[in-house]
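**Student:** Could you work out the structure for the sequence below:
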Amino acid sequence: EVHLVESGGGLVQAGGSLRLSCAASGITSDDYAIGWFRQAPGKEKREGVSCISSSDGSAYYADSVIGRFTISSDNAKNTVYLQMNSLKPEDTAVYYCAADRWLSCSGTYYEVDYGSWGQGTQVTVSS
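**Tutor:** The predicted model follows:
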């Protein structure tokens, strides 16, 4: 069973930076994708922000975060990071990481594609 734990959220002023971590356990193969999602206040659905796939080496960023967010992975630590720079108030959300097998990150992705989820970490950007 895959277990994911997010950390690194917090309160930051607009223009600031945060680095989120997603520590994974129970992943025993190298064909997983890890996706970051966020759920903004009042929104029902989670938005795919960035994902990285070890299946095909692909990575994807939503248009709203291109040039500001960077996803990376440390396989030795089984951890995926989301470096978030130039944060804006509209980035305020609960951020989740999710995992599933045999997924590519070559384009838009959706929460229905992912079967394992972390508990989320709150990111609040003040103006």
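**Student:** which one is the residue nearest to the spatial centre of the chain nearest to, not counting chain neighbours?
**Tutor:** By C-alpha atoms, centre = their mean, the chain has its centre lying nearest to residue 36, at 1.9 Å. Leaving out its chain neighbours, the residue that sits closest to residue 36 by C-beta to C-beta, 6 or more residues apart in numbering is residue 49, at 4.6 Å. For glycine as for every other residue, the C-beta is placed from the backbone atoms N, C-alpha and C.
**Student:** Residue 60 is in contact with that neighbour, correct?
**Tutor:** No: in this structure, residue 49 is not within contact of residue 60 by C-beta atoms under 8 Å, at 9.2 Å.
**Student:** tell me the SS of the residue nearest to residue 36?
**Tutor:** strand (DSSP: H, G, I helix; E, B strand; the rest coil).
**Student:** so what's it up against?
**Tutor:** 35, 36, 37, 38, 61, 62, 64, 65, 69, 82, 95 (C-beta atoms under 8 Å, 6 or more residues apart in numbering).
**Student:** closest to residue 54 among the residues you listed?
**Tutor:** residue 35 (12.3 Å; C-beta to C-beta).
**Student:** Now do the contacts for that closest one.
**Tutor:** Taking C-beta under 8 Å, 6+ apart, we find residue 35 in contact with 48, 49, 50, 51, 97, 98, 99, 103, 105, 109, 113, 114.
**Student:** and residue 51, how many neighbours does it have?
**Tutor:** 30 (other C-beta atoms under 10 Å).
**Student:** There's contact between it and residue 34 in this structure, I believe.
**Tutor:** Yes: counting by C-beta under 8 Å, residue 51 does reach residue 34; the two are 6.4 Å apart.
**Student:** just to revisit the earlier point, could you redo the contacts of residue 49 as JSON lines and give each row distance to residue 7, secondary structure and pLDDT?
**Tutor:** Below are the contacts of residue 49 laid out as JSON lines (distance: C-beta to C-beta, whole Å; DSSP: H, G, I helix; E, B strand; the rest coil; pLDDT from 0 to 100):
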{"residue": "35", "distance to residue 7": "17", "secondary structure": "strand", "pLDDT": "96"}
{"residue": "36", "distance to residue 7": "13", "secondary structure": "strand", "pLDDT": "98"}
{"residue": "37", "distance to residue 7": "16", "secondary structure": "strand", "pLDDT": "98"}
{"residue": "38", "distance to residue 7": "15", "secondary structure": "strand", "pLDDT": "98"}
{"residue": "61", "distance to residue 7": "21", "secondary structure": "strand", "pLDDT": "97"}
{"residue": "62", "distance to residue 7": "22", "secondary structure": "coil", "pLDDT": "96"}
{"residue": "64", "distance to residue 7": "23", "secondary structure": "helix", "pLDDT": "96"}
{"residue": "65", "distance to residue 7": "19", "secondary structure": "helix", "pLDDT": "98"}
{"residue": "69", "distance to residue 7": "17", "secondary structure": "strand", "pLDDT": "98"}
{"residue": "82", "distance to residue 7": "11", "secondary structure": "strand", "pLDDT": "98"}
{"residue": "95", "distance to residue 7": "10", "secondary structure": "strand", "pLDDT": "98"}
